[in-house]
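Student: please work out how this folds:
(chains A, B and C)
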Amino acid sequence: MFNFFDILDLLGTLAFAISGALAGRERRLDLFGMTILAFATAIGGGTIRDMMIGWTPVMWLTNLSYFYVTLLGVAMAIVFYKKFNFLRYSLFLFDTIGIAVFTLIGIEKGMTVGLHPIICVTLGTITACFGGVIRDILANKIPLIFKQEIYATACILGGLVYYLLNYFELSKDILYVGTAGIIILIRVLAVKYKWSLPFANV
Amino acid sequence: MFNFFDILDLLGTLAFAISGALAGRERRLDLFGMTILAFATAIGGGTIRDMMIGWTPVMWLTNLSYFYVTLLGVAMAIVFYKKFNFLRYSLFLFDTIGIAVFTLIGIEKGMTVGLHPIICVTLGTITACFGGVIRDILANKIPLIFKQEIYATACILGGLVYYLLNYFELSKDILYVGTAGIIILIRVLAVKYKWSLPFANV
Amino acid sequence: MFNFFDILDLLGTLAFAISGALAGRERRLDLFGMTILAFATAIGGGTIRDMMIGWTPVMWLTNLSYFYVTLLGVAMAIVFYKKFNFLRYSLFLFDTIGIAVFTLIGIEKGMTVGLHPIICVTLGTITACFGGVIRDILANKIPLIFKQEIYATACILGGLVYYLLNYFELSKDILYVGTAGIIILIRVLAVKYKWSLPFANV
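Tutor: Model prediction:
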């Protein structure tokens, strides 16, 4: 029953869960704390989005895949903890796929509810970024994306590309690949060339 | 289509957005971080209120004025950053108008949904105060209003005046002006004479 | 109209409110800050649960008992502040009853909405634990339960017992007493024997 898009969604969820669990481990939280941080990171953005648009029960309450994949992420974070440096590149890849897919999902949910394009792009960005924000709040840190290299910006630009492609009535496949491709490309280039937004000086 | 009340609402939103963006600038966040803090401050209280009463999609998802005014606030915070000391009085004025109008909006939304007066006053206070609470949480500080001069108290007292005036079945205009007037008066006096609640000793 | 279950619910709310108000007092917040922390602790978990499942207006907006009991908790925290050490055991007792009852309420609400057992147990745990999480976030600390002795784990195990007892179609009374009993027992034993989850080393 899973299509390619769903698989990417779950890969993104997995990457986010691992990043959350690792953040918990670094803050010396116990197994429960790690699990909560994993859930917050993996499903936090989608939960806020769904509560704001009134799509309830929110997505992970009715689709158990999110639940199991997040637990899998916790298990992987524990088992592969020492190999973390080795895994860092894969994690970055998953994470970047994650924000691309999460942005798409957020945009499309907004359109389903009939919201304005600007708001849909905002919802996509919230879906992609707010899991990490909640993770950092729970870990008592200033959210990383508030002073990090281009991250949310990639989601916003991807959203604009989505509407551009949509305007020309291209097929769903091109729409998805184009949008996700732009987000992934910007994110990779931003990290490689250390792009940053103005005013970031910490 | 904007009446006087809507204009005050947007002025309040603008003041809150500026205060959020400035808080982000002070914490050395990047442009995105500033924008998120501006949104959190300007629309956070209303978003929590709408999610709690089930008024979804929440207000700023369907009324784009909030979105544009908040972005305007970010732009103003950047352009006038150095004139901040000069602007402080105007900001205080806008902010105070903001909490007065936001309290009224919260109360009336609660009444529309048919909630008890005490709960409506609570919703008004949440609308007025929780944007600032979210701003401070995101900036990793103890929320200012938890240890500041009278602030939420002004909203609560304003709410009681609202029901008092409502009891005598006065016109909407008198109701609004009286409630907002009391909130603004208490807030101005509290700041002028450094009123504070018991137990505040930081 | 109150049955035994409702009374336990209100006792739990009271205990949580006192714990929130005391946390505020310790952080030197003013009366309003104490009250907000009390509300966050007492009704925060249920509010998040209700927003996620779409049970709006959330429970305390329509059932004023929560409101009054929380204010009572604030008053008790102020009056008995100096006797806190004396009261610590009672507080622990109330708090433990609270998480047991809150877990049950969360599970049953999830079942009412027709969610999967695993999700219902999660909702029960969120109801019981997230008030404290919000309290700690507002007080700018890493949530206690992320590195504390067994706490959420007791709720999760209680939830499993709930479904075990439910499977054998026992009466509601046995179901409630059994589930709450297990949660209380695990929590008491965990504190007495300083049980903790792996990876907790702060």
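Student: contact residues of chain A facing chain C?
Tutor: A:24-25, A:27-34, A:36-37, A:47, A:51, A:54, A:56-58, A:61-62, A:64, A:67, A:78, A:137-140 (Cβ under 8 Å from any Cβ of the partner chain). (Glycine included, C-beta is placed from N, CA and C.)
Student: one more time with 10 Å, if that's ok
Tutor: Applying Cβ under 10 Å from any Cβ of the partner chain, we find that chain A lies next to chain C at A:24-25, A:27-37, A:39-40, A:47-48, A:50-52, A:54-58, A:60-64, A:67-68, A:78, A:81, A:134, A:137-141.
Student: restricted to buried residues, select those residues in ChimeraX.
Tutor: Selecting only the buried entries of the residues of chain A next to chain C in ChimeraX, with 16 or more other Cβ atoms under 10 Å in any protein chain shown as the criterion:
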select /A:24,25,27,29,30,31,32,33,34,35,36,37,39,40,47,48,50,51,52,54,55,56,57,58,60,61,62,67,134,137,138,139
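Student: in helices, which of the residues of chain A next to chain C fall?
Tutor: Among the residues of chain A next to chain C, the subset assigned to helices under DSSP state H consists of A:24-25, A:31-37, A:39-40, A:47-48, A:50-52, A:60-62, A:67-68, A:78, A:134, A:137-138.
Student: among these, which are within reach of chain B?
Tutor: When contact is defined as Cβ under 10 Å from any Cβ, those meet chain B at A:48, A:50-52, A:137.
Student: state the pair within those residues that is farthest apart.
Tutor: A:50 and A:137 (18.8 Å; Cβ to Cβ).
Student: list the contacts of residue A:177.
Tutor: A:100, A:165, A:170-171 (Cβ atoms under 10 Å, 6 or more residues apart in numbering or on different chains).
Student: now do the residue of chain A positioned farthest from its centre against chain C, distance only.
Tutor: Largest separation from the mean C-alpha position in chain A: residue A:168, at 26.9 Å (Cα atoms, centre = their mean). Look at residue A:168 and chain C: by Cβ to the nearest Cβ, to the nearest Å, they are 37 Å apart.
Student: please list all residues in contact with that residue.
Tutor: Residues near residue A:168 by Cβ under 10 Å, 6+ apart: A:174-175.
Student: buried set for stretch A:102-118?
Tutor: A:102-111, A:113, A:115, A:117.
Student: quick check: which ranges of chain A have low pLDDT?
Tutor: Across chain A, the ranges flagged by pLDDT under 70 are A:1-2, A:84-88, A:147-149, A:199-202.
Student: any of the contacts of residue A:177 buried? List them.
Tutor: A:100, A:165.
Student: who are the packing partners of the top helix by length along chain A?
Tutor: Counting by DSSP H, the longest helix found in chain A is helix A:84-112. Here helix A:84-112 touches helix A:4-26, helix A:31-53, helix A:65-79, helix A:117-138, helix A:152-167, helix A:172-192, going by 3 or more Cβ pairs under 10 Å, 6 or more residues apart in numbering or on different chains; DSSP states H and E.
Student: try 6 Å this time
Tutor: In terms of contacts (3 or more Cβ pairs under 6 Å, 6 or more residues apart in numbering or on different chains; DSSP states H and E), helix A:84-112 is packed against helix A:4-26, helix A:117-138, helix A:152-167, helix A:172-192.
Student: out of these, which is the most enclosed?
Tutor: Stretch with highest mean neighbour count among those: helix A:117-138 (a mean of 25; mean count of other Cβ atoms under 10 Å in any protein chain shown).
Student: and the angle from that helix to helix A:84-112?
Tutor: 140 degrees (axes from the mean of the first three to the mean of the last three Cα atoms, to 10 degrees).
Student: and helix A:117-138 with helix B:31-53, angle?
Tutor: 90 degrees.
Student: separation between residue A:100 and residue C:9?
Tutor: Distance of residue A:100 to residue C:9, given as Cβ to Cβ, to the nearest Å: 44 Å.
Student: what is the neighbour count of residue A:90?
Tutor: As a burial measure, residue A:90 scores 12 neighbours (other Cβ atoms under 10 Å in any protein chain shown).
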